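Q: kindly generate the corresponding structure for this input.
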Amino acid sequence: MMATFQQRKFLQFLLLLTVFALLCVGVSPSEGNFLWRLPPLIAEFPGWINDSTRFIMFEWWPIEVYDPDIEEFENRPLMKEFARVFSGVILFLIEFIREIFLGGVKTIVTFSGWDWATENQWARWPALPWTVIAGGVALLGYVLSGIRLATFVGFSFVYIAVFGQWEPSMQTLSFVLIAAPVSVLLGLALGIWAFRNKTVESILNPLLNMAQIVPAFSYLIPVTVFFGIGDHAGAIATIIFATPPMVRLTVLGLKKVPPEVTEAGLMNGCTNRQLLFKVQITTARRDILIGVNQVIMQCLAMVVIASLIGARGLGNNLLIALNSLRIGLALELGVCIVLIAIVLDRLSLAWANLQTDYFADLSFVQRRKFSIIFGIIFIVGVILAYIGSFIFREGFNYLYLIPHNKGISTAQFWQAGVDWVWDTFFYSLKGFNEWLIVEVLIPVKRAYLAMPVVATFTLTMGVGFIIGGIRSALIIGGLLLFIAFTEWWDRALITSYIVTISVLISGFIGIVVGTICAQHPTSSRFILAVCDTFQTFPSFIYLIPVIMLFGVTDTSVLIAIVVYASVPATRYTVEGLLSVPESLQDAGSMSGVSRVQRYLSIELPMSFPHIALGINQTVVFALAMVIIGAMIGTDDLGQLILGALSDRKGIGNGLVLGVCVAFIGLAVDQVIRTWANQRKKALGLD
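A: Next up is the predicted model:
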């Protein structure tokens, strides 16, 4: 009897659910009852973080610094001085790139001072004409991947200019062009260090897991404390957010270098440095460049979030449009952000796939022909801009630099469409919205809040024990215990409720759509391309249509999460089914099984590890989106994180809240990853 019980996990789950239900019924909701809620033993922890941060920033390690204004040395804290210098360098680089695109005087002022620049009005950095930038980027697309990419890139930049969004777009691009290279260099250095030192790798792995799951909003609070607000602060927060994928892909690429390649380098007399940079990194080039692609996407995902701490550009304008419910303008801005994201995504992937012919015998002109072509584009663009100064008399030159909101605008058209949809389907949308909130969301939310803490721990640790043994149960219990000892346990339950519903819906949609599309090569390629496109979109873009249809409600947050989080579930389902060996499928067909039987008995079990990891990523995507959804009205942990942004002492609360969100994700990750690994071993795939 006991042996049967131990072998059949569904009986163990049945017993676990029975115990859970009995605890939910038997434990009375009382604040003094520790079985209902644990006391907030670490409620003072955020205050300790605030005090420690203040000490490090304003008191720790005073050093003598010369102040030219008073012409004397004075004592300043080391961290404050470092933060001032580092943020100043980042801001200078952003302004320098921005003034190449848009013109200005700040770069000149850095070296000359405001007095000299004011006296000499000619001392202004001229902007590059938008025609030169659009033509140059189109040429780059042609060099990397041919005429199709060149056409798309050129069209995208012309669209941005013609629709009057050139100035904020270049502000955003200058921001990304500084944050991305810094993230790449930092991630490459850490990745190499982790590859060469196993201890460093073991230390970095949990930190990278945390960094990728902690909400991006949580990065903003300490950044504002140490570096203030502005473009530099947004860039620093973006660097922290975008570096982890570069580290992971660098380590992955270096580990995939075949041993015989390394041995060949050693046999040819390479030093350790030469072996690393001329053999291993060169061989791992494609994985590293895919890491560059991921860094760029992460940077663009932070565009809107970074605007909360002063970063200028499209993100700031989109945030203002969303706050004022100007959906037409928000859609227009969203298109520009998406175009920039797709352009950078396609260019970086083309760069990763570019093959270099090291044996081509080319003349000087052939080697430099694209530089010569760009020189021609530059001269023609400058001439056109000069001619435009005589043609256009409105105070600005359409062939030089189109000011913000002075181009074509379709905002009124989109706003009219929004109004029509709202007027036409008002009662249908309202009915669905009310039904979903009243009949589904509120009852589930109340059910989660009615769970005693002992019942929650029993259920989660029990699942961990059944799937992964005592180690998994203790890890999950430790993660949740931290949350339970804070004062935000109920808020964490609210976050969990909406994530649970979203993941169930997203997982179902992803598995069904992925299964259908995996049946044919054309549909597989199509759905993977759709997933690439949707994953390229900055997450804030998903809020625009749902606000338009359902207003500021939990329904909007839920639908935005489902659309965003369905992408990994769909992608991993397709890739998992495509990875099933054809020999197994043929063997099943020859055995006389039906198409459905083959799917249920062969394809689904074999692809389960892939699908499980897809659900894992779906949870991570849902957690990220639910925090962003707090901007349109929720009462979960995300709302508290947003509130911490405006609190002078919010760094402690923000970090602890972010850790709480991360621990929810890590607890789910522990269960799913353990289960997936077990299935891999059982199927002989490990």
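Q: same for the biggest helix by length in the chain, what does it pack against?
A: Scanning the chain for the helix with the most residues, using DSSP state H, yields helix 650-683. Under the contact definition 3 or more Cβ pairs under 8 Å, 6 or more residues apart in numbering; DSSP states H and E, helix 650-683 sits against helix 45-58, helix 198-213, helix 216-227, helix 453-468, helix 470-484, helix 489-517, helix 604-628, helix 637-645. Any C-beta I mention is one placed from the backbone N, CA and C, and that applies to glycine too.
Q: only C-alpha atoms, please: export stretch 500-510 in CSV.
A: Output of stretch 500-510 as CSV, limited to C-alpha atoms (Å, rounded to 0.1, in the frame of the first residue of the first chain):
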residue,chain,number,x,y,z
THR,A,500,-1.7,32.3,-11.9
ILE,A,501,-4.7,33.2,-14.1
SER,A,502,-2.5,34.8,-16.7
VAL,A,503,-0.1,31.9,-16.9
LEU,A,504,-2.9,29.3,-17.2
ILE,A,505,-4.5,31.2,-20.1
SER,A,506,-1.1,32.0,-21.7
GLY,A,507,0.1,28.5,-21.3
PHE,A,508,-3.1,27.0,-22.8
ILE,A,509,-3.0,29.5,-25.8
GLY,A,510,0.7,28.9,-26.3
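Q: mean confidence score for stretch 439-447?
A: For stretch 439-447, mean pLDDT is 92.
Q: what residues sit buried inside that stretch?
A: By neighbour count on 16 or more other Cβ atoms under 10 Å, the buried set for stretch 439-447 is Leu441, Lys445.
Q: equivalent analysis for stretch 495-514, please.
A: 495-499, 501-503, 505-507, 509-511, 513-514.
Q: picking up where we left off before, list the buried residues of the longest helix of the chain.
A: For helix 650-683, by 16+ other Cβ under 10 Å, it's 650-677, 679.
Q: for the helices and strands packed on helix 650-683, give me a markdown table that also has mean pLDDT.
A: Output for the helices and strands packed on helix 650-683, formatted as a markdown table (pLDDT from 0 to 100):
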| stretch | mean pLDDT |
| --- | --- |
| helix 45-58 | 86 |
| helix 198-213 | 83 |
| helix 216-227 | 82 |
| helix 453-468 | 93 |
| helix 470-484 | 94 |
| helix 489-517 | 93 |
| helix 604-628 | 85 |
| helix 637-645 | 81 |
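Q: now distance to Pro443 too, for those, in CSV please.
A: Formatted as CSV, those follow (distance: least, Cβ to Cβ, whole Å):
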stretch, distance to Pro443
helix 45-58, 33
helix 198-213, 28
helix 216-227, 29
helix 453-468, 18
helix 470-484, 23
helix 489-517, 10
helix 604-628, 19
helix 637-645, 21
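Q: wait, doesn't Gly629 sit right on Phe540?
A: No. Applying Cβ atoms under 8 Å as the test, Gly629 and Phe540 come out as separate, 10.1 Å apart.
Q: these two - which one has more neighbours?
A: Taking neighbours as other Cβ atoms under 10 Å, Gly629 and Phe540 compare with Gly629 leading, 28 against 24.
Q: ok, now which ones touch the more buried one?
A: Neighbouring residues of Gly629 by Cβ atoms under 8 Å, 6 or more residues apart in numbering: Leu543, Ser556, Val557, Ala560, Ile561, Gly638.
Q: surely the fifth one touches Val626?
A: Translated: Ile561. Yes. Using Cβ under 8 Å, Ile561 is in contact with Val626, at 5.9 Å.
Q: where do the helices sit along the stretch 201-350 of the chain?
A: Ranges of helices within the stretch 201-350 of the chain are 216-227, 231-255, 259-267, 272-274, 281-283, 285-301, 303-306, 314-323, 327-353, based on DSSP state H, counting those that start in this stretch.
Q: ditto for the stretch 1-150 of the chain
A: For the stretch 1-150 of the chain, the helices defined by DSSP H, counting those that start in this stretch cover 2-7, 9-26, 45-58, 78-102, 106-112, 114-119, 130-145, 147-162.
Q: turn these into a markdown table, including distance to Ile320.
A: A markdown table is the format used below for the helices of the stretch 1-150 of the chain (distance: least, Cβ to Cβ, whole Å):
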| stretch | distance to Ile320 |
| --- | --- |
| helix 2-7 | 60 |
| helix 9-26 | 45 |
| helix 45-58 | 30 |
| helix 78-102 | 20 |
| helix 106-112 | 23 |
| helix 114-119 | 29 |
| helix 130-145 | 23 |
| helix 147-162 | 18 |
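Q: how about these, which one is nearest Leu584?
A: Of all these, helix 9-26 sits nearest to Leu584, with 24.9 Å by Cβ to Cβ.
Q: state the mean pLDDT of that closest one.
A: The model assigns helix 9-26 a mean pLDDT of 89.
Q: burial check on the nearest residue to Phe157 once chain neighbours are set aside, number of neighbours?
A: Spatial nearest neighbour of Phe157, chain neighbours left out: Ala134 (3.8 Å); criterion: Cβ to Cβ, 6 or more residues apart in numbering. Residues lying near Ala134 (other Cβ under 10 Å) number 22.
Q: contacting residues for Ala134?
A: Gly154, Phe157, Val158, Ala161.
Q: now Ser389
A: Neighbour list for Ser389: Asn397, Tyr400 [criterion: Cβ under 8 Å, 6+ apart].
Q: downstream neighbour of the helix or strand harbouring it in the secondary structure list?
A: In this structure, Ser389 sits in helix 369-391 according to DSSP states H and E. Proceeding C-terminally, helix 369-391 gives way to helix 411-424 as the next helix or strand, assigned by DSSP H and E.
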